[in-house]
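Chemist: structure here, sequence nowhere to be found:
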């Protein structure tokens, strides 16, 4: 298969501008005759559906939630990057591009990333116009903060709820199109299959989750914006419903899955506390701006803390190992996520972890409280030697900045983070891998597009903080509305696609069979228990660090688990009713196959890069060792139950020099 | 900890529904939903039908979860959604009554799952700023006073869970509607269509059949995002202004 | 539907009616109390009877009182409509008792209002109806006056009966609760809510909710315990 990325010619900085100026357009009268299906209504899906509705296409949007506003984009806390350079600190489109390429450990496409950096500024403008209440300075202008892996302040934020505010912005734009009738919204509908007619994606089979009824929806093209597959690990920061099914169904119809092993482990999450745990909660990366990460230097101190005999406050300053500051003096606590996560794992593997499980490190705000307290006392002309006052003032500043995060931490852990340092541990958070797409965000299947976390395009092997929101909205507001024209301009003579063609009927039948197989399976184990076991295997063998033996073993275990699943799963209730357990079973079934592909990809990629860390490939001082000579490619996998086939898209770097990523 | 749960079971929207009792063994570190998961696992193993409830992010932000716990939407802890409520707020041996949101505008779909589509329709009636993609001026073109942006944010923090309706003895959706009206009307970008927005959203809210606000304040007390009824006052004010001050149409 | 009718049938419109009529009725309560306190002036009822005569015969007062009756009817009617609409919005399903930290009065305004309406009917039957439409009240003559009705005496007779005294005092407690919520609520509905002034509004509301009922309740108690 020839993977044509369709990157336009020209200088890097001119590609997108020139391409937009010359790409084929669809006239307004023709747009009215073209139907587009959008699956998923998170940032990418809602913004795409709204914008295409505004342009005049007939859009049908689907979400399995009860409302578009519930998509998991809503949970993003920290912020959204944009190369506005409002802070006058030397930021630029090129620097955002460069940081993203470097942060992604040189495994993403230059042209895509540059386009992302270019449109980033427009996103902020658009969101402000929609009424997103970003943080502001006293002068009324937008405020920024800095995030991991960069040396400028380019992150726009709305308290600790940036994702929520951006999603509500996109949701309101979508709602406006729904009210005009340009978008038809299908809530509580899940895409069960992709329908191909003459080699093109022409519709979907959807299940009405309330009635269990299967529906055939046809369109001239299908856009997937269904998020990531982090839930393959069972425990992740993803929402309970986040799943790979839509993307996986596309893979089953021939779409390629790219770089599936690139998963991001977020360094600052609340640690696991018990077996019943259903999900992990993220504490925004922005906390690392002011929090210092440490573990006790002495193992006996760590043990005492684990046993509850000591607290963090009993450890003298000299007995603390601020390991990020020690190992990475240039970036300190603000190293990128993959680096911070791995460092936490190393500290805990060495036996210095805190919390009863031994799997946690401290995130300490004491010095930030001191610093802010002193500066507040100074500016208010108060006594700077009064410790109690300093602490009080400092806590006020910290509360203003991170109040809701501190509150959330206390609710979940039962501990007051103003008093004791937080305990954190890495957790699966985001998946850089996803459906392979070209520059137009079209998959290798004609007429099938993928946006946001669902595609693989922009983050390489590691995503920088505050870039997921940027990519989702860039794809939805500013890329797909243009690039979809490259496909649809050729379809203006195609009449409305019929949904009663043999292809649709066959797809519906296959879906019904698949559903009935699970609905009628009368085993003895719950879906949840299988999902939990799958997650354990994936985390153990394909998690924060991987090796060939483990991966090989993991693949075998996943395959065995899959067989057992079909033999012994029990799904209560019927297929023709509202049945959340059945929904879960269908999703877990797809995770089982996708998980295997992730393992295969991790096995193939015999190098360490970004979030993918192979124990066999490390430098002398324990850092990841990339192999540019052999692995500067995108792995694009064609699914086959026994022997998935790897296609490679070579990555070409004309504008940046491949360097060893150093944050030291 | 051993708990007795009395859970509302209702097969579908037409069925009658009743409270059923269950015994469950929980740990105080569990979230309320994890305790429900444990109960569901138990039911599935016994080949009984698990309890249906909406939930998703489990971080208190998506607004899916919707349980009335001992009469309180989202349970006893203020400023907290069901998913973030932890069992340490309960005692060993407690009996806990779990019901769906109670409102005739939110019909029960199954057990604890209700249909909150009315909220979407209220937003569709005007809960947006009419700006197409690409039309926006520079983000810093209009300075917005810090406190004003912060106040708008307080209103925008609404997660659309519907606890306000469930808490209200009148089944009113004023806090939800007012939060959106107040968020957008306060901002300079949203001021432009303030009159139309306010009138239209209130009309849709009424059309859905929600009750009328009598300023009880239960919504504010139960709102997991602690949204103030000051926003309701603003909407009242702006509604009167929109009707008496708006253009003749 | 014209904009004005659509306003008055909207939820907020109905509430605005409740608020405006309610706040107007509170001003009436204040005026009415000041007038009625003449009953305990200790002058054998001279000032009160003259005041009562003035209030029932002055054309301007007559005109205003028509407005007052309309306000009462509108307030009660709208209150009932709201009650029934809200009841159906809530749906009939059982719910465990909500323990949110709100005023008891706030949740029971319809009940309180209905009790007050009953009281009003009895009260108007006792005095207003007899004064205006019957000749059962004896006449009294003061210097320089034509004979006028001795309403004061009617009050004395009424409050001789402990049943009336108890029911009047009880009704004033009910009124107190109604005002405890009603005053502040009226301002909230009109959108007159501002964090700087909320405390003041709340304070005035509570002051009125205590002082007005006590002021009214003093009259029957005074008659029963002191005058007899």
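Modeler: Perfect, thanks for sending it. The structure displayed is predicted, hence computed values, not measured ones.

Chemist: would you map the strands across the stretch 351-500 of chain A?
Modeler: Secondary structure of the stretch 351-500 of chain A, counting by DSSP state E, counting those that start in this stretch: strands at A:361-364, A:422-431, A:434-435, A:448-450.

Chemist: find the nearest non-adjacent residue to the residue of chain B found nearest chain C, please.
Modeler: For chain B, the residue closest to chain C is residue B:237, as judged by C-beta to the nearest C-beta, at 2.6 Å. Heads up, the C-betas are built off the backbone N, CA and C, glycines and all. Using C-beta to C-beta, 6 or more residues apart in numbering or on different chains and skipping the chain neighbours, the partner closest in space to residue B:237 is residue C:191 (2.6 Å).

Chemist: distance check, the one you found against chain A.
Modeler: As judged by C-beta to the nearest C-beta, to the nearest Å, residue C:191 and chain A stand 21 Å apart.

Chemist: just to revisit the earlier point, pull the contacting residues for the residue of chain B closest to chain C.
Modeler: C:190-192 (C-beta atoms under 8 Å, 6 or more residues apart in numbering or on different chains).

Chemist: residue B:9 touches residue B:100, doesn't it?
Modeler: No: Residue B:9 lies out of contact with residue B:100 (C-beta atoms under 8 Å); the separation is 10.3 Å.

Chemist: quick one, which of the two is more surrounded?
Modeler: Shown here are residue B:9 and residue B:100; by other C-beta atoms under 10 Å in any protein chain shown, residue B:100 has more neighbours (27 against 17).

Chemist: and the pLDDT for the most centrally placed residue in chain C?
Modeler: Residue closest to the mean C-alpha point of chain C, counted by C-alpha atoms, centre = their mean, is residue C:29 at 5.7 Å. Looking at residue C:29, its pLDDT is 97.

Chemist: checking it next. Helix, strand or coil?
Modeler: helix (DSSP: H, G, I helix; E, B strand; the rest coil).

Chemist: mind listing what it touches?
Modeler: C:175, C:208, C:212.

Chemist: is it correct that the first one falls within a helix?
Modeler: Yes: secondary structure of residue C:175 (three-state DSSP): part of a helix.

Chemist: that one and residue C:211 touch, don't they?
Modeler: No: if you go by C-beta under 8 Å, residue C:175 and residue C:211 don't touch, sitting 11.5 Å apart.

Chemist: the more surrounded of the two?
Modeler: residue C:175 (23 against 14).

Chemist: measure that one to chain A for me?
Modeler: Distance from residue C:175 to chain A, by C-beta to the nearest C-beta: 42 Å.

Chemist: now do the contacts for that residue.
Modeler: C:29, C:116, C:119, C:212-213, C:216.

Chemist: over to the residue in chain C positioned nearest to chain B. Which of the three states is it?
Modeler: Closest contact between chain C and chain B, by C-beta to the nearest C-beta, is at residue C:191 (2.6 Å). Three-state call for residue C:191 (three-state DSSP): coil.

Chemist: that one is in contact with residue B:242, isn't it?
Modeler: No: when contacts are counted by C-beta under 8 Å, residue C:191 is not listed as touching residue B:242 (11.5 Å).

Chemist: sorry, back to before: what residues sit buried inside the helix or strand harbouring the residue of chain B closest to chain C?
Modeler: Using DSSP states H and E, residue B:237 falls within helix B:230-245. Buried residues in helix B:230-245, defined by neighbour count with 16 or more other C-beta atoms under 10 Å in any protein chain shown: B:230-240, B:242-243.

Chemist: what of stretch A:415-427?
Modeler: Neighbour-count burial for stretch A:415-427 [16+ other C-beta under 10 Å]: A:417-418, A:421-427.

Chemist: and the helix or strand residue A:174 falls within, what does it pack onto?
Modeler: Per DSSP H and E: residue A:174 is located in helix A:162-180. Packing partners of helix A:162-180 (3 or more C-beta pairs under 8 Å, 6 or more residues apart in numbering or on different chains; DSSP states H and E): helix A:43-55, helix A:110-130, strand A:183-186, helix A:468-473, helix B:117-124, helix B:146-156.

Chemist: and the longest one, how far from the chain's centre?
Modeler: Taking C-alpha atoms, centre = their mean, to the nearest Å, one finds helix A:110-130 lying 18 Å from the centre of the chain it belongs to.

Chemist: who does the next helix or strand after that helix pair up with?
Modeler: The helix or strand immediately downstream of helix A:110-130 is strand A:145-146, counting by DSSP H and E. Under the criterion DSSP bridges, strand A:145-146 sits next to strand A:153-156 (antiparallel) in its sheet.

Chemist: for the strand it pairs with, the averaged confidence score.
Modeler: 95.

Chemist: ranking helices and strands of chain A by mean pLDDT, which lands last?
Modeler: None of the helices or strands of chain A scores lower by mean pLDDT, DSSP states H and E than strand A:145-146, at a mean of 86.

Chemist: surely residue B:190 touches residue A:130?
Modeler: No: taking contacts as C-beta under 8 Å, residue B:190 lies outside contact range of residue A:130: 9.1 Å.

Chemist: those two: which has the busier surroundings?
Modeler: Applying other C-beta under 10 Å to residue B:190 and residue A:130 shows that residue A:130 carries more neighbours, namely 27 against 23.

Chemist: can you pull the pLDDT of the nearest residue in space to the more buried one that is not next to it in sequence?
Modeler: Excluding the flanking residues, the one nearest residue A:130 by C-beta to C-beta, 6+ apart is residue A:169, at 4.0 Å. As predicted, residue A:169 sits at a pLDDT of 98.
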